[in-house]
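[1] Using only what follows, build the 3D model:
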Amino acid sequence: RFVPAPENLALLQWRQVLQNERLDNIAAQYLGDPEQFWRLCDANRALRPEELTETIGKQLRITLPEGIPGVPHA
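    Below is the predicted model:
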């Protein structure tokens, strides 16, 4: 599959990683489906999903899927 460039994805918000968090739980909370964790990987240029939650305090981009425009400065 072709991975979209993160800068082409409409940013919804930034989300800070907390201690002992799992990416599937973040995906469920923000995307409504834990199996959509790969969208968080795409939005944050992660090759390994676990690298997104390794560092407490890391800022994650939460974005809309490719091709869906966002509202600037919403």
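[2] Name the residues that touch the top helix by length along the chain?
    Among the elements of the chain assigned as helix by DSSP state H, the one spanning the most residues is helix 23-31. Helix 23-31 has contacts (C-beta atoms under 8 Å, 6 or more residues apart in numbering) with 12, 15, 17, 33-37, 39-41, 49-50, 52-53, 60, 62. From N, CA and C alone the C-beta is placed, and that goes for glycine too.
[3] Please save the CA atoms from that helix in CSV.
    Output of helix 23-31 as CSV, limited to C-alpha atoms (Å, rounded to 0.1, in the frame of the first residue of the first chain):
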residue,chain,number,x,y,z
LEU,A,23,-2.0,2.6,20.5
ASP,A,24,-5.2,0.5,19.9
ASN,A,25,-6.8,2.2,22.9
ILE,A,26,-5.9,5.7,21.5
ALA,A,27,-7.3,4.7,18.1
ALA,A,28,-10.5,3.5,19.7
GLN,A,29,-10.9,6.8,21.6
TYR,A,30,-10.1,9.2,18.8
LEU,A,31,-11.0,7.2,15.6
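[4] For that helix, which residues meet the burial criterion?
    For helix 23-31, a neighbour-count test (16 or more other C-beta atoms under 10 Å) marks Leu23, Asp24, Ile26, Ala27, Tyr30, Leu31 as buried.
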